[in-house]
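Colleague: Need coordinates for the following:
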Amino acid sequence: MTAGSSVVKITAKTALKGNWLRCIAAGMVFIVSAMAVSLTAQLLYHSAGTVCYSAAFILLSVFILAPLFIGTLRYFWRMLFGVKDSVSSVFYYFSSRFDYLRALKLTVGMFVRFGLTAVALNIPYYLVQLVSSSWFYDWFDMARPIWTANLQPLAMILRIVASVGVFFTMIRYYAAPMLFVADDNINVAEAFHTSSVIAKVGAIDFVYLCFSFLGWIILSVFVFPLMVTFPYMMTAYLVHTRFAVAQYNKHIEQSDSAVDTFAEGF
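Modeller: Model (predicted):
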């Protein structure tokens, strides 16, 4: 177990004290960019259809929005250590080809893991949907069995189970962005692997932390409060992962001590 949600939130508020205006400005860069991406995709939806909308939204999110999010996360991470970067530093990963490709490797890795996990866990749902679809039987010139009309509740249950499975699979990588911005030399694969190990210690506490922000998230639907909630949640996430990493390191040190003691006794 790591630090509780109340401790994380208090620490986050302490870190933000005196930095609120700069952090709000940095957060707004990402928020406005996300709105611009959403608006662009919506315009394509009305002019070119669903396929163009989906393609534009995915491409803009992966190649522009995600690296910008990582840069914003880096801004807040450095703020925790008293570094007063300019707001423009949220574009850090766009400053050079090397840094951009490195951030892109992280974001693409996250999207690919999410996509493959979602597809794999939704296979039973897709099969039920296929069996219960009239076009499937029309294709083979067959009469649709009556019992297939009762499969929709099963499909809904399978969809919910798959969604829960995707969530608990992807939660393994929740610390990867923090590890990435904390060490400019860390290998992306190492960040994912270390995160999956750290998640064994801190994932449950991270879920509790997310639920503790539920009220703030609902409030953010009105957009304007997002100016405050976004920096608060970003800082809380980083504080929590710091505690999780410290707990993990403590566990490793205890394991090494136990091994040394055993070796001496042997």
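Colleague: in the protein, what secondary structure element scores lowest on mean pLDDT?
Modeller: The helix or strand of the chain with the poorest confidence is helix 134-139; it has a mean of 72 (mean pLDDT, DSSP states H and E).
Colleague: Check which residues of that helix are buried.
Modeller: By neighbour count, and taking 16 or more other Cβ atoms under 10 Å as the criterion, helix 134-139 has no buried residues at all. Placement of C-beta: from N, CA and C, glycine included.
Colleague: Alpha carbons only: can I get that helix in CSV?
Modeller: Only the C-alpha atoms of helix 134-139 are listed here, as CSV (Å, rounded to 0.1, in the frame of the first residue of the first chain):
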residue,chain,number,x,y,z
SER,A,134,-29.6,-10.7,-39.5
TRP,A,135,-27.1,-9.8,-42.3
PHE,A,136,-25.0,-12.7,-41.2
TYR,A,137,-27.8,-15.2,-42.1
ASP,A,138,-28.8,-13.2,-45.2
TRP,A,139,-25.2,-13.6,-46.5
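Colleague: for L59, phi and psi?
Modeller: In this entry, L59 is assigned phi and psi values of phi -60, psi -50 (degrees, to the nearest 10).
Colleague: Start at 11, not 1
Modeller: OK, 11 is where the count begins now, so the last one is L69.
Colleague: For it, report the pLDDT, please.
Modeller: At L69, the model reports a pLDDT of 90.
Colleague: returning to that earlier point: now do the least confident helix or strand of the chain: distance to the chain's middle.
Modeller: Using Cα atoms, centre = their mean, to the nearest Å, the mean C-alpha position of helix 144-149 is found 38 Å from that of the whole chain.
Colleague: Need the contact partners of it.
Modeller: Applying Cβ atoms under 8 Å, 6 or more residues apart in numbering, the external contacts of helix 144-149 come out as L140, A153, R154.
Colleague: and the next element down the chain from that helix?
Modeller: Scanning the chain past helix 144-149 towards its C-terminal end, the next helix or strand to appear is helix 162-180 (assignment: DSSP states H and E).
Colleague: mind listing what's buried in that next one?
Modeller: Within helix 162-180, the residues that qualify as buried are A165, L168, R169, A172, V176, T179, counting by 16+ other Cβ under 10 Å.
Colleague: so who does the residue nearest to the last one when sequence neighbours are not counted touch?
Modeller: Same thing as T179. Among residues not flanking T179 along the chain, T127 sits closest, at 4.9 Å (Cβ to Cβ, 6 or more residues apart in numbering). For T127, the set of contacting residues under the criterion of Cβ under 8 Å, 6+ apart consists of G175, V176, T179, M180.
Colleague: and T127, helix, strand or coil?
Modeller: helix (DSSP: H, G, I helix; E, B strand; the rest coil).
Colleague: That one and Y147: what is the separation?
Modeller: 31 Å (Cβ to Cβ, to the nearest Å).
Colleague: How about F178?
Modeller: In this structure, F178 and Y147 are 36 Å apart, going by Cβ to Cβ.
Colleague: just I41 next, same as before
Modeller: 48 Å.
Colleague: what's around S16, how many residues?
Modeller: 10 (other Cβ atoms under 10 Å).
Colleague: Just to check, L75 is in contact with V42?
Modeller: No - contact criterion Cβ atoms under 8 Å: L75 and V42 do not qualify, at 11.2 Å.
Colleague: between the two, who's got more neighbours?
Modeller: Set L75 next to V42 and count neighbours by other Cβ under 10 Å: L75 wins out with 19 against 10.
Colleague: what's the closest non-adjacent residue to that one?
Modeller: With Cβ to Cβ, 6+ apart as the criterion, L75 has its nearest non-adjacent residue at 5.4 Å, and that residue is V47.
Colleague: Name the SS class of the one you found, please.
Modeller: Using three-state DSSP, the three-state assignment for V47 comes out as helix.
Colleague: Fine by me, we can end here.
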